[in-house]
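# here's my sequence, what's the structure:
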Amino acid sequence: MLNKARDGKTLLSLLDQSEKVLKEKISIYNKVIDDDSSANKIPEDDRRDILVAIGEANLLLRGKLKQFRDLCNQNLVCIDFFIFLNAKQRLYHLSISYENS
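This is a model prediction of the structure:
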């Protein structure tokens, strides 16, 4: 059970890193679109593709990745609670064993 908790925390750490990279890329491409001067004019089709990609990345961050984070956190809470109950049960059995000896 401890390995699952560690794996869950590892997944959340990887998710944090992935979200950070995605947000950085969104920021970079937002600047590209905002700095679209006449000297660096981006063709309209490319501009539209960039805006679509930015929108899809934002949807991913607010949708599926948030949902995945929530599920990971729920499972970690359940695992932590199970570990707590298991430890409590062991202490109870130890105290009974100690009283009987």
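
# so for the helix or strand containing V21, mean pLDDT?
Secondary structure assignment for V21, by DSSP states H and E: helix 2-34. Average pLDDT, helix 2-34: 85.

# quick one: distance of the helix or strand following it to the chain centre.
The first helix or strand that comes after helix 2-34 along the chain, using DSSP H and E, is helix 44-62. Chain-centre distance of helix 44-62: 21 Å, with C-alpha atoms, centre = their mean, to the nearest Å.

# quick one: contacts of helix 44-62?
Residues from elsewhere that reach helix 44-62, judged by C-beta atoms under 8 Å, 6 or more residues apart in numbering: 19, 22-23, 25-26, 29-30, 32-33, 36, 42. All C-beta spots, glycine's among them, are computed from the backbone N, C-alpha and C.

# filter those to the buried ones?
Applying a neighbour-count criterion of 16 or more other C-beta atoms under 10 Å, the buried members of these are I26.

# out of the contacts of helix 44-62, who's nearest L76?
The nearest member of the contacts of helix 44-62 to L76, counting by C-beta to C-beta, is E19 at 17.3 Å.

# my guess is that closest one contacts F68. True?
No. With contact defined as C-beta atoms under 8 Å, E19 and F68 do not form a contacting pair (10.2 Å).

# in contact with the most centrally placed residue in the chain, which residues are there?
Closest to where the C-alpha atoms of the chain average out (C-alpha atoms, centre = their mean) is L15, at 3.6 Å. Taking C-beta under 8 Å, 6+ apart, we find L15 in contact with 65, 68-69, 72.

# no further questions, thank you.
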